[in-house]
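Chemist: Build me a structure from this.
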Amino acid sequence: MTPEQRLAAVRSQLEKRPDDPFVRYALAMALRSAGDLAAAVAEFRELARRSPDYVPTYLMLGQVLEARGDGASALVAYEAGRAAAVRRGDGHAERELAAAAEELRARGIRGPTA
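Modeler: Coordinates of the predicted model:
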């Protein structure tokens, strides 16, 4: 299946099940794989808005933001994911997101300031 075919298939599923977080996550991942990082970020953010406790969103969003050179926003995503993981009682994901955030801080990246 080509990336274009995969995107078409996932978009078709999303039309049928717009509130299914897994389908929206699959679309964001397909966009990431196709190299459309801006669209992937938009889909991950929409997923976080619609399903804030869908924990896998945040690590992938952070990684895509890092790939785009936006470490400060990635740090925000990782911290939001940590909070979601704590709410869900997912210690493994919380540690993974904490490690990603700490790696950014070790490189001198800080989140946006108020």
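
Chemist: Hmm, residue 9 is touching residue 2, no?
Modeler: No: the criterion here is Cβ atoms under 8 Å, and residue 9 misses it with residue 2 at 10.4 Å. Using the backbone N, CA and C atoms, a C-beta is placed for each residue, glycine as well.

Chemist: isn't residue 78 right next to residue 103, touching?
Modeler: No: using Cβ under 8 Å, residue 78 is not in contact with residue 103; the gap is 9.1 Å.

Chemist: And those two? Which one has more around it.
Modeler: residue 78 (27 against 15; other Cβ atoms under 10 Å).

Chemist: quick one: average confidence on the helix or strand harbouring residue 49?
Modeler: In this assignment (DSSP states H and E), residue 49 forms part of helix 37-50. The average pLDDT for helix 37-50 rounds to 97.

Chemist: what's around residue 30, how many residues?
Modeler: 22.

Chemist: Pull up the gap between it and residue 42, please.
Modeler: Residue 30 sits 13 Å away from residue 42, going by Cβ to Cβ, to the nearest Å.

Chemist: likewise residue 60?
Modeler: Residue 60 sits 13 Å away from residue 42, going by Cβ to Cβ.

Chemist: Compare neighbour counts for these two and give me the winner.
Modeler: A count of neighbours by other Cβ under 10 Å puts residue 60 above the other of residue 60 and residue 42, at 20 against 13.

Chemist: and the more buried one, what does it touch?
Modeler: 25, 28, 29, 32, 44 (Cβ atoms under 8 Å, 6 or more residues apart in numbering).

Chemist: if we go to 7 Å?
Modeler: Residue 60 is in contact with 28, 29, 44, counting by Cβ atoms under 7 Å, 6 or more residues apart in numbering.

Chemist: Of the residues you listed, just say which sits nearest to residue 94.
Modeler: Relative to residue 94, the closest of the contacts of residue 60 is residue 44; by Cβ to Cβ it sits at 18.5 Å.
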